[in-house]
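Undergrad: Please find the sequence and the predicted model below.
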Amino acid sequence: EDYHWPDKIPPEATELMKPLPLSPKGQPVPGFPDGPPAVTPDVFKFTQEMKDKLKAGHFTAAIAIHTMDAGWPKLQIEGITNTLKELGVDVVAVTDAKFKPGQQIADLEQLTARKPNVIFSIPIDPQSQAAAYKKVADAGIKLVFLDNVPVGMAPGKDYISVTASDNEQNAYYAAKELCEAMGGKGEVGIVTLVYDYYYSVAVRKTGAMKAFAEYPGIKLAEVGTVTSPEKAYQVATAMLTAHPDIKGIFAAWDTPAEQVVAAAKTLGRKVLVTTNDIAADSAIYVARGDFTAVGAQRPYDQGVSEAKSAAYALLGMDVPPYISVPTLRVKKINLLSALKEVTKEEPPASVLKVCNNACF
Amino acid sequence: MAADSPSTLSDKPVDGAARPLVSMRGISKSFGENRVLRDVDFEVSAGEVHALLGENGAGKSTLMKILMGVYRPDAGTVTLDGEDIGGTSVLDHLSHGIAMIFQELSLLPNLTVGDNILLGREPRRTGWRIDKRSMRRDAQTVIDRYGFPLRAGQLVRDLGFAQRQMVEVLKAVSRGARVLIMDEPTSSLSLREEEKLFAIIDELKARGMGIVYISHRMAEIFRLANRMSIVKDGQVIGPLDPAATSIRKVSELMSKSKPAVVDTAVIEVAAKPASAGVATALEVRGLKTARKLDDLSFTIAQGEIVGIAGLVGSGRSTLAKALFGLIPDARGRVTVGGQPLKLGHPDAAIAAGIAFVPEDRRLEGLVLGHSLSSNVALASLDKLLHRIGVPVVSDRKIADLFEDYHQKLGIVARRPSQLASELSGGNQQKVVFAKWLATKPRLLILDEPTNGVDVNAKADMRAIMRGAADSGVGVLLISSELDELTASADRILTLVDGRITRELFEAKDEAELRATLQADLAAMKKERLA
Amino acid sequence: MTVQQSSAVERDSAWTTIRRTLVQRPTYLIFAAVTAFFIIFAPNFATLSTAGAILRVTALVSIMAVGMTFVIICGEIDLSVGSASSWSGMVIALLLQANVPTAVAPLLVIAMGALIGLVNGLLVTKLRIPSFLVTLGMLSILSGLALTITNTEPVPIVDDAFSDLLWNASYIGLPAPIWWTIVIVLIGYYLLQMTVFGRRVYAVGGNLVAARFSGIKTDRIKITAFMFSGMTAALAGLLLAARSTAGNPSLGSGLELDVIAAVIIGGTSLFGGVGDIPGSVIGAIFIGILGFGLLVLGLSTSIQEVIKGGIIILAVALNRR
Amino acid sequence: MTVQQSSAVERDSAWTTIRRTLVQRPTYLIFAAVTAFFIIFAPNFATLSTAGAILRVTALVSIMAVGMTFVIICGEIDLSVGSASSWSGMVIALLLQANVPTAVAPLLVIAMGALIGLVNGLLVTKLRIPSFLVTLGMLSILSGLALTITNTEPVPIVDDAFSDLLWNASYIGLPAPIWWTIVIVLIGYYLLQMTVFGRRVYAVGGNLVAARFSGIKTDRIKITAFMFSGMTAALAGLLLAARSTAGNPSLGSGLELDVIAAVIIGGTSLFGGVGDIPGSVIGAIFIGILGFGLLVLGLSTSIQEVIKGGIIILAVALNRR
Ligand SMILES: Nc1ncnc2c1ncn2[C@@H]1O[C@H](COP(=O)(O)OP(=O)(O)OP(=O)(O)O)[C@@H](O)[C@H]1O
Ligand SMILES: Nc1ncnc2c1ncn2[C@@H]1O[C@H](COP(=O)(O)OP(=O)(O)OP(=O)(O)O)[C@@H](O)[C@H]1O
Ligand SMILES: [Mg+2]
Ligand SMILES: [Mg+2]
């Protein structure tokens, strides 16, 4: 057939671009023991009058991010910042905790002293940082969470709302694709973050294991853990050495997944890899066929949703407790559309080059 | 016992005073395979100076460190007033009234003079608090009592070497010790301070203190000592009565082998002069430094040994360092073997044919943790290459080089790979000489080359120096031991506070030279005041 | 010489002392300049609440810097303080979970901090391993233990009395962490600057052999310094846990670098023998001000890193005359 | 003693040298024991492909350890190598993206590594700031820059020729990273053990003053050592980038600690003047075997930390007789 990006896209790719249905519930919080119901980000509508009111308020916002070493936080921040700018709210500070919970607590204290109206944050450890977030709330600052909610905080009371990607569904999708590609049988491994308290990654393990459990022929050989993504190379090398029959690995996000691919290549092993998330660098891996499938988040959209919940709250309007951004399925065939959907930019030349007219 | 050995018969052993204050009996000590002391007896009585002599590495410091509690002896007892205080800890021995001035200065450069003098027995208030006020007062009282030019509040870091040695003396003396061990206390004191020290020793003796005095300077020993003992081959010879023996005899007793092992004839080093007909090794015109040297001019002919006489702080070391390129702000016209020298660059100085034996061999002369052969090769690595396609440092050439000087200079060592730190002072100094002779210099600068070196090794140094000069090298000799200058130098320049005041062709005797220096200094001070 | 003279020992006036301090520590001028810059240009910087926030943020670093000052003046280093504080946070959380009384549990943790320091000190002095390595190994061991003990799970602290005592309460208008900082700084100052022990710490770092020859039990001094450092790290861990009302295995990770930087830009020499407590505390506060000011100016964290690195190098370069 | 004796200086035989090495470096026995343990108990450990995998895993650390050995023998330290390698990875990715030829870009990056080392060296020697601090500051600066240059975005590398050359290709049966390790080890061995420059490195670390008094340009030697370390870090960055076919701002973070540990357990003294290249490489391989073996045994990352910390301390304790 004679398909051509971006004008003529094969139906297969168009089909993949349809979001998967949301998992029904989110992280359990006070008031919602089974987790609050999920709604999509389309709930927000802004009239001109609302926008004028926001502008007149001269509101300020700050962002306390967990780590900056990937494309994901950058896109989130852009989503938040651009949307807020449109709405007339100023982002005055952004902190990077380098994945250290202690550092993030210090960041929050400093941001609190800066007295913004809203703080956006993704808690690294929902348990040990809860007190620090409660203090932010006590200082009269509105909190909007990304992905994780600190333990014991109630929506509508202690914080506005949380917007999360459907992480469990993302992982479930990626793991299922892995099993399918393996013909439903063989040994698999998981590479994920060592800290189980980091909710949004921990549920990916749950999602992946759920998918693996659905295939009687699939055997989970080992769950390897890393303290930081660059360690995945060594962990994967060891895992592949200890288990010579592993044919597929699910990695919890793209940076470690790249290291898993490198490890398999170095060992000369044929191993299928699926993961979550894409960015300009990991898109190359999809284009090359190194990642069989990706269940991706849409961090920019997530940021937009977070900004809008904050704006609603600043206007004194009600916000749903849990907003969920549905899974974006990514395979080589729809890579370009998906990458554009994630980054909101035209795919870079490097990706187009590697795709060699095979992605759309 | 050593006293029974035939060689001591002619030197009548003297008995100690009625009651020995401290006595060490049957002391043995080994470091690994090195048996330093074997069943040694030693004692000190109240009110005497007991001198301890011996070659470098004989074990004098080791014996005294045992007395001080730094080392625990392998066998033997130490008793003070009949009470066994056998080797527990320094603190214990200090509290028993034994104090020591260590050979390696043991001051804390980061603290004040007062802190150092009273270290370990600071006046306290309630709690563990230090009473700073009375501390300073007490320290200054001590300083003033002995009349040293020091202030309690000065940082030791800012003091010169000689002043540090004064602090060291005060620290030991002020402990009110009953036994005081002085391990080469005068090695860097100038004449005036030396006099002061001797006066102090006399006073302490009069107060009934027992003093052990270690030195390589015979004149001093014969002046101070009531008794003397010699450490040799792990044994103690003596005690001897100074009145009944002589420097010469003592030197013979100390030496393990024949007095001097170096044959001057074998030291030929000089590269032949760059251009024929140039007879000067060094010509200096208008040499100045920012802080010290004031317009120096002089020459050294090939084969000539020129001595520099001066008091501590007169700028002798500064002169040596300036010529060798170690003083960045030195200015002046200097030519070596007829070629102009660019000041401020040691590598240029070496290339021009200057060799420099510095005054502190442990700090400036040697890499103590490295092997003897790599120390000897350090300044002439460029000449020790061989090629296997690319230039490679030849370990064989280095070994040969070491072997060569090992024989010529009579270095006592077991292997080329032995560490420099394991050698005695005299042998260490020979290694430094070897390093510089290996560069085939035209000019040899020696700064206090015999400091802390035993009499026999001293003789070796002189022989080396003379041998080098005979083969056409110019030698600049700096020494605080004026008799060494008068004995070795062909010509002596007196350096007083950064200026050359006289040029003496005839070897004057020590006392005269000393008087001259002091007179010149006084004159200079007057002139500066005016 | 007469007795007269000896009593006429000069005493430095307060003014001379200040002037001398400024000449010896030109860094203080940089601190002042940077702070003034933020006060003028950073929005909302010159407020009491900002000052309070900075002090609270720097409390942890200040407290550990006091212990570290002893170790560094001894000529050693302690890289294990960050992970020792994480580990202490885990331990206190587990102890409180096991219903150990609020009055007892913190003391046990502090004792454990001393024990960690003791092990560091023994390895450094008796086995003569460089402290850089001993404490690097200890860092690994403690951070591994903190992760292992609950299998990376954080442990909540529900004992409010504990959190109040160490972090949340205020006394006479000052929040608890600032009080704790003051207490530790005073103890540290007393020990280092006023006691015989402190003098010996300087002696050990100034010239180890000389100190030994002067009858000082150098090993014991070093071990004590490590123990004190371990105790301050444990206290910092208690504060961290109280602040989070939970123990988390990586709460304190990476703090050691801030602590060492604070001590060094405060004028303590890495080679030992030189330094003091007030300098270290000023260093810690300065690092706090710098981080906070750059943040308030709205600079990105990565640029902040660059500027922070540059200023720290500059400060130390100025400290060596 | 006779004159005879003084002339009879023994020369060391090869055998004596080996025996002395084993006595001086009892660590090598530990290495052997640990390796044997893994061979027996860890599944699939004793295979050629495992050996290859370990060598590749340790290639980065080995290469940087060669440069670090020069710096540490000089009596200094370089904490910036980890972030210098991340930064180099970013730069090569950007250069290749800008279509700089594959043959030129890596050379530019290596030159930049040398420049980083030059700056470190100048600050250490001319401003006399302790290298611990200079390179700690440089670590901050470079990791900040790596994050800033693309605003934390990783940069893909699509130039397969580059990835092949540095990581993926095999020559005569050996993979590229192992060849690079061999090349750097040989260069390092030649420079340190066989040239005049190498001897001077030892002298500078053994006694700085004595080295200067022997006409050695000590500053220049130290600066060169830092430059070499910067270049090896840059090369490691190239390998990292080739391995992931992307530049990522934190790929090399934390590597400095592994590198230093490798050098030290390989017998190089942190005080300078003592050490060698083969020791460092063996140290790097040992750390690789240890980490890898524990992983293959299926131990959790956290327990590994504990064991690794303990063994490193033990190894160094044994190294000091
Ligand atoms: N701590 C030590 N470890 C090993 N060997 C030592 C130690 N201290 C001294 N020695 C060795 O013991 C011997 C005696 O040394 P000692 O310092 O007592 O000599 P000395 O008579 O004081 O010499 P000098 O006149 O040069 O001061 C020497 O061979 C020396 O190398
Ligand atoms: N202009 C200078 N620049 C750098 N260092 C200097 C300068 N002048 C002197 N020094 C150093 O200071 C040291 C002490 O100098 P001082 O004035 O006490 O005289 P000195 O040369 O050591 O005297 P002497 O050797 O006669 O006792 C010198 O050894 C030298 O190393
Ligand atoms: Mg001695
Ligand atoms: Mg001198």
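TA: Arrived safely, thanks for sending. Numbering: from 1, shown residues only, chains lettered A, B, ... in the order given. Ligands and ions are numbered 1, 2, ... in the order given.

Undergrad: Relative to residue A:168, how far out is residue A:203?
TA: Per Cβ to Cβ, to the nearest Å, residue A:203 is found 5 Å from residue A:168. In this view, the C-beta of every residue, glycine as well, is placed from N, C-alpha and C.

Undergrad: what does residue A:229 give?
TA: 21 Å.

Undergrad: Who has more neighbours out of those two?
TA: residue A:229 (26 against 23; other Cβ atoms under 10 Å in any protein chain shown).

Undergrad: Would you confirm that the more buried one contacts residue A:259?
TA: Yes: the pair residue A:229 / residue A:259 is scored as a contact, 6.8 Å apart, by Cβ atoms under 8 Å.

Undergrad: tell me the contacts of the residue lying closest to residue B:484 once chain neighbours are set aside?
TA: Leaving aside its sequence neighbours, residue B:484 sits nearest to residue B:450 (Cβ to Cβ, 6 or more residues apart in numbering or on different chains; 6.3 Å). Contacts for residue B:450 (Cβ atoms under 8 Å, 6 or more residues apart in numbering or on different chains) come out as B:429, B:457, B:458, B:461, B:479, B:481, B:484.

Undergrad: mind checking the SS state of the spatially most central residue of chain C?
TA: The centroid of chain C falls nearest to residue C:65 when counting by Cα atoms, centre = their mean (1.3 Å). What DSSP: H, G, I helix; E, B strand; the rest coil gives for residue C:65 is helix.

Undergrad: how far away is it from residue C:157?
TA: According to Cβ to Cβ, residue C:65 and residue C:157 sit 25 Å apart.

Undergrad: one step back: would JSON lines of the contacts of residue B:450 with neighbour count and pLDDT be doable?
TA: Output for the contacts of residue B:450, formatted as JSON lines (neighbours: other Cβ atoms under 10 Å in any protein chain shown; pLDDT from 0 to 100):
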{"residue": "B:429", "neighbour count": "29", "pLDDT": "92"}
{"residue": "B:457", "neighbour count": "29", "pLDDT": "83"}
{"residue": "B:458", "neighbour count": "22", "pLDDT": "85"}
{"residue": "B:461", "neighbour count": "24", "pLDDT": "88"}
{"residue": "B:479", "neighbour count": "24", "pLDDT": "90"}
{"residue": "B:481", "neighbour count": "16", "pLDDT": "81"}
{"residue": "B:484", "neighbour count": "19", "pLDDT": "85"}
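
Undergrad: Export the residues you listed as a markdown table, with columns for secondary structure and distance to ligand 3.
TA: Listed next are these as a markdown table, based on DSSP: H, G, I helix; E, B strand; the rest coil; distance: Cβ to the ion, whole Å:
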| residue | secondary structure | distance to ligand 3 |
| --- | --- | --- |
| B:429 | helix | 14 |
| B:457 | helix | 13 |
| B:458 | helix | 15 |
| B:461 | helix | 18 |
| B:479 | coil | 20 |
| B:481 | coil | 18 |
| B:484 | helix | 20 |
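
Undergrad: Which one of the residues you listed is nearest to ligand 2?
TA: The shortest approach to ligand 2 among the contacts of residue B:450 belongs to residue B:479, at 10.3 Å (Cβ to the nearest ligand atom).

Undergrad: That closest one against residue B:449, yeah?
TA: Yes: if you go by Cβ under 8 Å, residue B:479 and residue B:449 touch, sitting 7.2 Å apart.

Undergrad: residues contacting the residue of chain A found nearest chain D?
TA: As assessed by Cβ to the nearest Cβ, chain D sits closest to residue A:238 within chain A, at 3.4 Å. Residue A:238 sits next to A:224, D:292, D:295, D:296 when contact means Cβ under 8 Å, 6+ apart.

Undergrad: could you dump these to CSV with pLDDT?
TA: Shown next, in CSV, are the contacts of residue A:238 (pLDDT from 0 to 100):
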residue, pLDDT
A:224, 91
D:292, 88
D:295, 87
D:296, 87
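
Undergrad: May I see the PyMOL selection of the buried members of the residues you listed?
TA: Here is the PyMOL command that picks out the buried ones among the contacts of residue A:238, judged by 16 or more other Cβ atoms under 10 Å in any protein chain shown:
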select buried, (chain A and resi 224) or (chain D and resi 292+295+296)
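
Undergrad: Out of the contacts of residue A:238, give me the two with the largest separation.
TA: A:224 and D:292 (12.5 Å; Cβ to Cβ).

Undergrad: Save the contacts of residue B:450 as CSV, and put in distance to residue D:189 too.
TA: Formatted as CSV, those follow (distance: Cβ to Cβ, whole Å):
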residue, distance to residue D:189
B:429, 34
B:457, 40
B:458, 44
B:461, 40
B:479, 45
B:481, 48
B:484, 47
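
Undergrad: Looking at those residues, which is nearest residue C:272?
TA: Nearest to residue C:272, judged by Cβ to Cβ, of the contacts of residue B:450 is residue B:429 at 30.4 Å.

Undergrad: so who does the closest one touch?
TA: B:357, B:361, B:365, B:449, B:450, B:453, B:457, B:461 are the contacts of residue B:429 under Cβ under 8 Å, 6+ apart.

Undergrad: Quickly list what the residue nearest to residue B:394 when sequence neighbours are not counted is bridged to.
TA: In space, and not counting its chain neighbours, residue B:394 is closest to residue B:386: 4.3 Å by Cβ to Cβ, 6+ apart. Using DSSP bridges, the bridge partners assigned to residue B:386 are residue B:392.

Undergrad: Thought residue B:398 was touching residue B:386, still the case?
TA: No: between residue B:386 and residue B:398 there is no contact under Cβ under 8 Å: 10.8 Å.

Undergrad: Comparing these two, which shows the higher neighbour count?
TA: Neighbour count, other Cβ under 10 Å: between residue B:386 and residue B:398, residue B:398 has more, with 22 against 11.

Undergrad: The more buried one: what's its closest spatial neighbour, skipping adjacent residues?
TA: Closest residue to residue B:398 apart from its sequence neighbours, by Cβ to Cβ, 6+ apart: residue B:377 at 4.5 Å.

Undergrad: With residue A:299 instead?
TA: Take residue A:299 and drop its neighbours on the chain: the residue closest to it by Cβ to Cβ, 6+ apart is residue A:75, 3.9 Å away.

Undergrad: so how many other residues sit close to that neighbour?
TA: By other Cβ under 10 Å, 24 other residues sit near residue A:75.

Undergrad: Quick check: which element contains the residue nearest to residue B:398?
TA: helix B:372-377 (DSSP states H and E).

Undergrad: Can you report the mean pLDDT over the residues of that helix?
TA: The pLDDT scores in helix B:372-377 average 94.

Undergrad: how about the residues of the stretch 251-360 of chain A near chain D?
TA: Contact residues (Cβ under 8 Å from any Cβ of the partner chain) of the stretch 251-360 of chain A with chain D: A:255, A:258-259, A:262, A:265-268, A:279-285, A:348, A:350-351, A:353-354.

Undergrad: Show me which of these are buried.
TA: Burial by neighbour count, 16+ other Cβ under 10 Å: within those this picks out A:255, A:258-259, A:262, A:265-267, A:279-285, A:348, A:350-351, A:354.
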